[in-house]
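> can't give you the sequence, but here's the structure:
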C-alpha cells in the first residue's frame, strides 16, 4: 500500500481525491447526527467517536460548534479546507487573540502545532488536522464577533427589537469563507469596527507587556492635601512616575515628604484618567484607584473588550450612546461623535439599566409623576414632617386613574392607592423636556434644574432616569427644521404636550469601565454598580477551560 503523503503536501491533487470520499462521509455523517440521541439505531456512534474521540476534539466542541462546523463544510462541498500556508497564518492569528484579551490556548493552538508534526502514515491525520483547524477558526471568529461569554447570562441588555440569530450566524459563515484564503482578513472583519474597541485593544497589548511590573502601594492614612507633609508622599511620587502622570521636573526628591504643586498636578491628571473628581486631594476613592495593580488594570481592560464585543452591533450609524459609568451622552453620525454632553445616571440603589431602544416622542413642559419607590422612600417622610410640603412644591395627590384627591383626607401614616404629580415649571425635576423611548423600566432622558451636579464626578445621583446637560440642544439634533419651529412654539405655551417624532433615532445605554484614545492612553471609571468583579471571574473561568 502506498504511503500517505505528508500532511504538509496538502495541495497534492491525487491526495485530495483519495481523502475526499472518506472525509466527506466521516464529517457529514458525524456532524449530522451529533445531536441525535445515542439510542437511535440510525446514529453511527463509531463514526462520531472517531470524530470527537480519535481526533481528540476539544471540550469546546459542543452542539453549537458542531452546527457551525457542519454548515461551514456544507458551504464548501465537504472538502478539506486548509493548506499549509493558510494553516500557518491561522496559527499566527490565533496567537494574536491575546491582544483581544482572549486566551489563545483555548483554541487549541498547541494541539494544532502538534498536528503539524503528526507522522504522515497515521490514520486520519489529515482529516483530524482539518477538523481541529476549522473548529478553532470558527470558535475564534464567534468569540470576536459576539463575545466569549453569553451577554444575557452576565450583564443582560434589554432590546426593544431582538437581533435574528440566523442572520448573525450567516454573516459569521460569510466572514469565515473570506478567511480561507487569508485568515487575517476574516479575523479583522470579525472584530468590532468600533473605534473604542480598536483603541482599547491596542492599549491592552501595551498593558500586557508591562503587567508583571509591580506599582508601589500607598498606605492608608489621612486625606493628603496640597502643601501637606506626609511620609507617604515619596511613595505617591514613585507611583505617579510609574504611569507617566508626573513630569520629570515634578519628581525632584529634594522636596522629600512635601505634597508639592507639581505632585498635585500629577494627582489631578490621574484623577481625570480614572473618572474621579479632579480636586488634587488623595482621599479614600483616589487611594483605592492608586493602589490598583497592573494586573488588576489589565483584567479591567479585558472585561471591557468583552463588553464592546457584546454591544458593538447595537451601535448604529446615527444614534445616541449613553455611557452610564462615564456620565456622558454622545450623538453619533456616521458612527462618529457629532455632539457630546454630560449626564447624571442612577445611583447604585436605583441603577440606570442597560438597554437598546428607539426614541419616538418628547414630552414638552412635562409634569412629573413621582415613582412608587421615590414616593415611599423620599416623599412620604417629608410630607409627614411638613404638612405644607405639597403646596410648596406644586404637587397634587391623585388616584391611579388620575383623579384629584384632597390631601387633607389622606392618612399619611398609611396612605394607599395614591400618586403624587408635580406641575410643570422650573422646579420640576424633568425640566422643560423629557425624551421618551419604549422600555419596561419607565426610564427616559430629561432636562433637569439640578445643573450644579454636572460638575461632579462620578455623576450617579438620579433614580434611574438619565439627566442631560443641554437637553434643549439635544432635541434640536433629533428634530427636523419644521419640527423645531413647532416644538419652540409649544414650549412657549407652558402647557404639557406629547410630541411624536417623525424620524427614527436609536438609543443605546451601555455600561463599561475602561476605554482608550487613539494614542493608547487608557481612561478608567469607577465601577459604580459593582459589576466588574463578577464579570472578570466569569471570564477567567471560561478562559481557564482546557481545550
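Cool, got the structure. All of these numbers come straight from a predicted model, not from anything done at the bench.
> so residue 287 is in contact with residue 222, correct?
No: under the contact definition of C-beta atoms under 8 Å, residue 287 does not touch residue 222, with a separation of 10.6 Å. The C-beta positions use only the backbone N, C-alpha and C, and glycine is treated the same way.
> who's more crowded, these two?
residue 287 (18 against 10; other C-beta atoms under 10 Å).
> for the more buried one, give me its contacts.
218, 220 (C-beta atoms under 8 Å, 6 or more residues apart in numbering).
> OK, contacts around the residue nearest the centre of the chain?
In the chain, the centroid-proximal residue (C-alpha atoms, centre = their mean) is residue 307; its distance is 2.5 Å. Listed by C-beta under 8 Å, 6+ apart, the contact set of residue 307 reads 155, 510, 511, 512, 535.
> please, which helix or strand holds it?
Using DSSP states H and E, residue 307 sits within helix 294-311.
> could I get the buried residue list for the helix or strand containing residue 288?
With secondary structure defined by DSSP H and E, residue 288 is part of helix 284-290. Taking 16 or more other C-beta atoms under 10 Å as the basis for neighbour counts, the residues of helix 284-290 that come out buried are 285, 286, 287, 289, 290.
> out of the residues you listed, flag the one nearest to residue 165.
When those are compared for distance to residue 165 (C-beta to C-beta), residue 289 wins out at 39.6 Å.
> looking at the buried residues of helix 284-290, which is nearest residue 162?
For the buried residues of helix 284-290, the nearest to residue 162 is residue 289 (37.4 Å; C-beta to C-beta).
> just to check, the closest one is in contact with residue 270?
Yes: contact criterion C-beta under 8 Å: residue 289 and residue 270 qualify, at 7.5 Å.
> next SSE downstream of the least confident helix or strand in the chain by mean pLDDT?
Among the helices and strands of the chain, helix 45-49 carries the lowest confidence by mean pLDDT, DSSP states H and E, at a mean of 40. Reading on from helix 45-49 to the C-terminus, the next helix or strand found by DSSP H and E is helix 63-75.
> buried ones in the helix or strand just after that next one?
Using DSSP H and E, the helix or strand that follows helix 63-75 in sequence is helix 84-95. Buried residues in helix 84-95, counting neighbours by 16+ other C-beta under 10 Å, are found at 86, 87, 89, 90, 91, 93, 94.
> would you map the strands across the stretch 351-500 of the chain?
Defined through DSSP state E, counting those that start in this stretch, the strands belonging to the stretch 351-500 of the chain, from first to last, are 355-364, 368-369, 395-398, 404-405, 419-422, 433-436, 445-446, 460-462, 466-468, 497-510.
> possible to save those strands as a markdown table with mean pLDDT?
Converted to a markdown table, those look like this (pLDDT from 0 to 100):
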| stretch | mean pLDDT |
| --- | --- |
| strand 355-364 | 98 |
| strand 368-369 | 93 |
| strand 395-398 | 95 |
| strand 404-405 | 94 |
| strand 419-422 | 96 |
| strand 433-436 | 98 |
| strand 445-446 | 98 |
| strand 460-462 | 95 |
| strand 466-468 | 98 |
| strand 497-510 | 96 |
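> need these in CSV (columns: distance to residue 200 and mean neighbour count).
Formatted as CSV, the strands of the stretch 351-500 of the chain follow (distance: least, C-beta to C-beta, whole Å; neighbours: other C-beta atoms under 10 Å):
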stretch, distance to residue 200, mean neighbour count
strand 355-364, 21, 21
strand 368-369, 38, 19
strand 395-398, 46, 17
strand 404-405, 53, 12
strand 419-422, 42, 18
strand 433-436, 29, 23
strand 445-446, 26, 24
strand 460-462, 23, 20
strand 466-468, 24, 25
strand 497-510, 14, 17
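> for residue 255, which of those is the nearest?
strand 460-462 (36.3 Å).
> tell me the strands beside the closest one, with direction?
On the basis of DSSP bridges, the sheet neighbours of strand 460-462 come out as strand 336-346 (parallel).
> so how far is the partner strand off the chain centroid?
Distance of strand 336-346 from its chain centroid, counting by C-alpha atoms, centre = their mean, to the nearest Å, is 17 Å.
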